[in-house]
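A.B. asks: The following comprises the amino acid sequence and a computationally predicted model.
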Amino acid sequence: MASLPPSPVALAFPGIQWDPMQKLRLTPPESGLLRSAEANPIDYTLSDPDQSTAYVKALLKVLAEASGASGPSSKVSRLKDPLVEEDALVMLYTDPMGVVTHYAITKLYDVVTCLREKRRGGVSLGTTFYNYDTDGNLIDEWRPLLRVLHLGGGGDAFAQRESWSSLLPSIHPNGRLPSQRVSTDRSRKINHASVEEPLAALISWITSQLQSSASSSLSLVTPTLTALMSCPEARILFADSGGIGYLSRHLRTGSRGTKRPVGGSGTATVQQLYELCFCLWTLTYECNTSATIRATFARDNAVHSLVDLLSSAPREKVIRVALSALRTLASCTPASYSSSLSSSDPSRKEISSSTFLNEMIGCGLIKYIDQMKERQWTDPDIVDDLLVLHKLLHENYKEMSRWDVYLAEVQSGNLEWGILHTEKFFRENAKRFEGPNGDFSVVKILIALTAGNDEEVQSIACYDIGEFVRHYPNGRAIARSLGAKDIVLKLVDHSNEELSRHALTAVSKMMVQNWAAVH
């Protein structure tokens, strides 16, 4: 377990006096145990199972009483840099509960670190945080850690970071969460049901942090999320909480020409990208058994995010997990499609590996895979993933019609000039733009793409709309009814000359009845 930076008020800890702090409502045995722990090595305090549990409960009680219902004190929470001893002692005088909160969190982290790094007879994280001798439940006193997570003062990164560092091992006692799918001899005394509440609460906090685009929020949650993904129940709960969408959004590097610089200011670092991608990869393993998770991967554009990440040429370790995630999606073989989903919505399309392969082809992954195959890789897993993806993509591509490829490209939003954007293609496929439901959904997507941020995609979308107008009967009226004219007209004065030219041409085609005669 990696060491964490000390509390800004760590030098005030030796000055804490327990007896005068009536607010903490400590009993004499609890105060005595805290003083004894200060006077002796932590190994001594944790040498006895009963004393180890009592010490943890005392620390959690201190945390509960000191942090209060509103969370940690705002004074200590605002501190960013370590204070010298004199200033730290002043803070102990002016904000004793804030200092005590940091003390309790620090000592809990020390307990967790000690129990994880050293093995001693009869004492473990399990015996300390669970009622091993009775019902096997997690001790009830864990909740203050969650309160600190959600109410970390004015953004108390130290308190939040060390709280999850203590909470996670308490529900993760053997290096993995006690899973109902996989039971080990060491986790038999743990009641799985008692872990559900803290697990759900921890994932709720993680998803709330992932809603922010700030790199500081990622640094708080990605390490604990990576550890949680070892548990199947945690993966499903995270996916049900919208986790796949949050991960996909953070991985998305943006449109071509506006790619996010990896590690740049206000962006994810290489390590954070790796951890986010790793989590997404572990979630792909649920695709074989969960129709809902397969549908979520398709809905939240996870493939687009992974391909976009590959196109930005990140570090090799990021490429490895991105390729592994894509390979799993491309190879998923659903055991059975959910009968409940099928019966509730008979028209619902089943999501399978071919769905993801079509999306990958639409995103231009074939080109990137062909390019990467020419490079020299030190990691044999990358070489193997490239070979498998190359085979699957090309096999699927052979089975797709030219219209299927065009549809996948439009749906991905990754338009590129080529044979799919020519007069011949539109002349041959104009009727297909009606769509199976007659709602012209492809035209609607093209119109939406003209309002995007990628100027090349906007140019191609304008061209395609103009060609649809030319070759589809009454295409002019349909395009206008969908609002295409007003949106494209705004691009006529665009500073990009090529985009301006294509927009002007598209608008002209919508206004002129016989374009061929004019052209």
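C.D. replies: Nice, thanks for sending it over. Numbers count the residues shown, from 1 in each chain.
A.B. asks: At which residues are the strands of this protein located?
C.D. replies: Assigned by DSSP state E, the chain shows no strands.
A.B. asks: center of it - which residue?
C.D. replies: Closest residue to the average C-alpha location of the chain: residue 247 at 2.6 Å, with CA atoms, centre = their mean.
A.B. asks: Low-confidence stretches in the stretch 401-519 of the chain?
C.D. replies: Across the stretch 401-519 of the chain, the ranges flagged by pLDDT under 70 are 513-519.
A.B. asks: ok, now how distant is residue 67 from residue 79?
C.D. replies: 16 Å (CB to CB, to the nearest Å). Every residue, glycine included, has its C-beta placed from N, CA and C.
A.B. asks: Settle it for me: which of those two has more neighbours?
C.D. replies: More neighbours surround residue 67 than the other of residue 67 and residue 79, with 27 against 20 (other CB atoms under 10 Å).
A.B. asks: In this structure that one contacts residue 101, no?
C.D. replies: Yes - Residue 67 lies in contact with residue 101 (CB atoms under 8 Å); the separation is 5.0 Å.
A.B. asks: that older thread, counting neighbours, what do you get for the residue nearest to the residue nearest to the centre of the chain when sequence neighbours are not counted?
C.D. replies: Nearest residue to residue 247, sequence neighbours excluded (CB to CB, 6 or more residues apart in numbering): residue 280, at 4.8 Å. Here the number of neighbours of residue 280 (other CB under 10 Å) works out to 27.
A.B. asks: what's near enough to touch residue 280?
C.D. replies: Neighbouring residues of residue 280 by CB atoms under 8 Å, 6 or more residues apart in numbering: 244, 247-248, 251, 302, 305-306, 325.
A.B. asks: least confident pick among those residues?
C.D. replies: Across the contacts of residue 280, the bottom pLDDT score, 88, is held by residue 251.
A.B. asks: show me the contacts for that one.
C.D. replies: The neighbourhood of residue 251, defined by CB under 8 Å, 6+ apart, consists of 273, 276-277, 280, 305-306, 308-309.
A.B. asks: redo that, cut-off 10 Å
C.D. replies: 260, 268, 272-273, 276-277, 279-280, 302, 304-306, 308-309, 312, 318, 322, 325 (CB atoms under 10 Å, 6 or more residues apart in numbering).
A.B. asks: Which of those residues are buried, as a ChimeraX select command?
C.D. replies: Here is the ChimeraX command that selects the buried residues among the contacts of residue 251 (16 or more other CB atoms under 10 Å):
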select :260,268,272,273,276,277,279,280,302,304,305,306,308,309,312,318,322,325
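A.B. asks: Give me the subset of the contacts of residue 251 that lies in helices.
C.D. replies: Under the assignment DSSP state H, these contribute 272-273, 276-277, 279-280, 302, 304-306, 308-309, 318, 322, 325 to helices.
A.B. asks: Could you pull out the buried residues of stretch 430-444?
C.D. replies: Within stretch 430-444, the residues that qualify as buried are 430, 432-433, 440-443, counting by 16+ other CB under 10 Å.
A.B. asks: now residue 383: how far from residue 390?
C.D. replies: Here residue 383 is placed at a distance of 11 Å from residue 390 (CB to CB).
A.B. asks: Need the overlap of contacts for these two.
C.D. replies: Joint contacts of residue 383 and residue 390 (CB under 10 Å, 6+ apart) are 372-373.
A.B. asks: Worst mean pLDDT across the helices and strands of this protein, which element?
C.D. replies: Taking mean pLDDT, DSSP states H and E as the measure, the helix or strand of the chain with the lowest value is helix 339-344, at a mean of 44.
A.B. asks: Grab the nearest non-local neighbour of residue 287.
C.D. replies: residue 332 (4.2 Å).
A.B. asks: the helices in the stretch 1-150 of the chain, which residues?
C.D. replies: In the stretch 1-150 of the chain, helices defined by DSSP state H, counting those that start in this stretch lie at 28-39, 42-45, 49-67, 74-77, 85-94, 96-117, 125-129, 143-150, listed in chain order.
A.B. asks: Could you export those helices as JSON lines, including distance to residue 403?
C.D. replies: Converted to JSON lines, those look like this (distance: least, CB to CB, whole Å):
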{"stretch": "helix 28-39", "distance to residue 403": "72"}
{"stretch": "helix 42-45", "distance to residue 403": "68"}
{"stretch": "helix 49-67", "distance to residue 403": "61"}
{"stretch": "helix 74-77", "distance to residue 403": "58"}
{"stretch": "helix 85-94", "distance to residue 403": "69"}
{"stretch": "helix 96-117", "distance to residue 403": "57"}
{"stretch": "helix 125-129", "distance to residue 403": "58"}
{"stretch": "helix 143-150", "distance to residue 403": "50"}
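A.B. asks: now those helices as TSV including mean pLDDT?
C.D. replies: Shown next, in TSV, are those (pLDDT from 0 to 100):
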stretch	mean pLDDT
helix 28-39	93
helix 42-45	90
helix 49-67	90
helix 74-77	79
helix 85-94	92
helix 96-117	88
helix 125-129	83
helix 143-150	80
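A.B. asks: Looking at the ones in helices among the contacts of residue 251, which two lie furthest apart in space?
C.D. replies: Based on CB to CB, the longest span within these runs between 272 and 304 and measures 19.3 Å.
A.B. asks: ok, residue 404 touching residue 355?
C.D. replies: No - assessed by CB atoms under 10 Å, residue 404 is found out of contact with residue 355, at 11.7 Å.
A.B. asks: who has more neighbours, those two?
C.D. replies: Legend: neighbour count by other CB under 10 Å for residue 404 and residue 355, higher for residue 355 (19 against 16).
A.B. asks: State the number of residues packed around the nearest residue to that one once chain neighbours are set aside.
C.D. replies: Sequence neighbours aside, residue 298 is the residue nearest to residue 355 in space, at 5.9 Å (criterion: CB to CB, 6+ apart). When neighbours are counted by other CB under 10 Å, residue 298 registers 19.
A.B. asks: what does the one 5 residues further on give?
C.D. replies: Residues near residue 303, counting by other CB under 10 Å, number 25.
A.B. asks: which residues touch residue 392?
C.D. replies: Contacts of residue 392 (CB under 10 Å, 6+ apart): 326-327, 330-331, 353-354, 356-357, 360, 369.
A.B. asks: Buried subset of those residues as a PyMOL selection?
C.D. replies: Buried residues among the contacts of residue 392 (16+ other CB under 10 Å), as a PyMOL selection:
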select buried, resi 326+327+330+331+353+356+357+360+369
